[in-house]
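Trainee: Here is a sequence together with a model predicted from it:
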Amino acid sequence: MHSKGNACCCSFDECKLTTEWLMSRTRHKPKIAVVCGSGLGLLADNISNKQVFRYEDIPNFPVSTVPGHEGHLVFGHVRDKSCVFMQGRFHLYEGYSLCRVTFPVRIFKLMGVETIIVTNASGGLCQDFKVGDIMIIKDHINLPGFAGQHPLCGFGIRFPCMSDAYSKDLRKLTLDISSELGYSNFVREGVYCMVSGPNFETIAEARMLHILGSDSVGMSTVPEVTVAKHCGLRVLGLSLITNKVSLDYSREEKVNHEEVLHISKMRAEMLQKVLYTFITRSHQEEAINSS
Ligand SMILES: O=P(O)(O)O[C@H]1O[C@H](CO)[C@@H](O)[C@H]1O
Ligand code: HPA
């Protein structure tokens, strides 16, 4: 496929080559992929039988340019479940096309992954949210998509349904696990809104996003989820609220990326517990089958 305007720039041959390169170098056959958000690379720390590839060594793979994104593709096991973790994701604001941002999702699909768990750090817009809360994403707003920055432009079957992008059964399982772990007080459900970044929101923008129904805001996730849903993967989205977004001109606090990373690292252990329990239990879900 040829690149025209902002149409797709990753060919199927490229995807195939990268998949074959990886599959010829690993014996892992992951069914679950995890994308680690800013400062959340620690989520991959406690998996066993690890095999690590640096992004710069993988043909056609983009490289990480954002602090808090290590740039490693890590294969391994959570208990008996074979998984692949992206320690570091790609963002539109790094200068990558959304095709390139979502390239790894297509590789996962070709490798036989069936479920993708997408994590991120985000700013809380919902006034009930506290810093450190985990928001299970129930829906999203694709703001760049409204302006034609969409990862499916020029790629595959058109008009996919997105009203059920985040599996209801997987959300329910995560809520049940959170309750069993005693985490119910800080695990919520909500709507994530993607903005392109790289600047954080103005107060007027934050107010608008809140009025539009967004509970949290970040600069990622939506492209990956859109492509994952389009190619038939089951999706769970977990957003860590790393800061409260200012809706008030009198508020003096200013958000910055270092604070985002600090909170992510502080809460990664707790998020890891939810994640690993989810992965070990995901067979319960397989019985229910895709939703
Ligand atoms: O969405 P992740 O990759 O977690 O990163 C979030 O943190 C960065 C801002 O601090 C932005 O990239 C935002 O999207
Ligand atoms: O407040 C935020 N806005 C956008 N992206 C973010 N990522 C973490 N926090 C934020």
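Mentor: Done, it's in. Numbering: from 1, shown residues only. Ligands and ions are numbered 1, 2, ... in the order given.
Trainee: what does the stretch 151-291 of the chain put close to ligand 2?
Mentor: Listed as neighbours of ligand 2 in the stretch 151-291 of the chain under the rule C-beta under 6 Å from any ligand atom: F200, E201, V217, G218, M219, T242, N243, V245, V255, V260. The C-beta positions use only the backbone N, C-alpha and C, and glycine is treated the same way.
Trainee: In a helix, the second one, correct?
Mentor: No - assigned with DSSP: H, G, I helix; E, B strand; the rest coil, E201 falls outside any helix and is coil.
Trainee: so it touches L209, yeah?
Mentor: Yes - taking C-beta atoms under 8 Å as the definition, E201 is a contact partner of L209 at 6.9 Å.
Trainee: When the two are compared, which one has more neighbours?
Mentor: Using other C-beta atoms under 10 Å, the more surrounded residue of E201 and L209 is L209, with 23 against 20.
Trainee: Could you report the distance from that one to N120?
Mentor: 15 Å (C-beta to C-beta, to the nearest Å).
Trainee: other SSEs contacting whichever strand or helix holds I117?
Mentor: Element membership of I117 [criterion: DSSP states H and E] is strand 115-124. When contacts are defined as 3 or more C-beta pairs under 8 Å, 6 or more residues apart in numbering; DSSP states H and E, strand 115-124 packs onto strand 32-36, strand 134-142, strand 216-218, helix 222-230, strand 234-244, helix 257-288.
Trainee: Buried residues in the second one, which are they?
Mentor: It refers to strand 134-142. Buried residues in strand 134-142, counted by 16 or more other C-beta atoms under 10 Å: I134, M135, I136, I137, K138, D139, H140, I141, N142.
Trainee: Find the nearest non-adjacent residue to M194, please.
Mentor: V222 (3.8 Å; C-beta to C-beta, 6 or more residues apart in numbering).
Trainee: Tell me who's in contact with the one you found.
Mentor: Contact analysis of V222 by C-beta atoms under 8 Å, 6 or more residues apart in numbering lists H140, I141, N142, P144, G145, Y192, M194.
Trainee: got the phi/psi numbers for the last one?
Mentor: Listed backbone geometry of M194 is phi -100, psi 130, with angles given as degrees, to the nearest 10.
Trainee: can you count the residues close to the residue of the stretch 51-200 of the chain found nearest ligand 2?
Mentor: Closest approach between the stretch 51-200 of the chain and ligand 2, counting by C-beta to the nearest ligand atom: G123, at 2.1 Å. Counted with other C-beta under 10 Å, the neighbours of G123 add up to 26.
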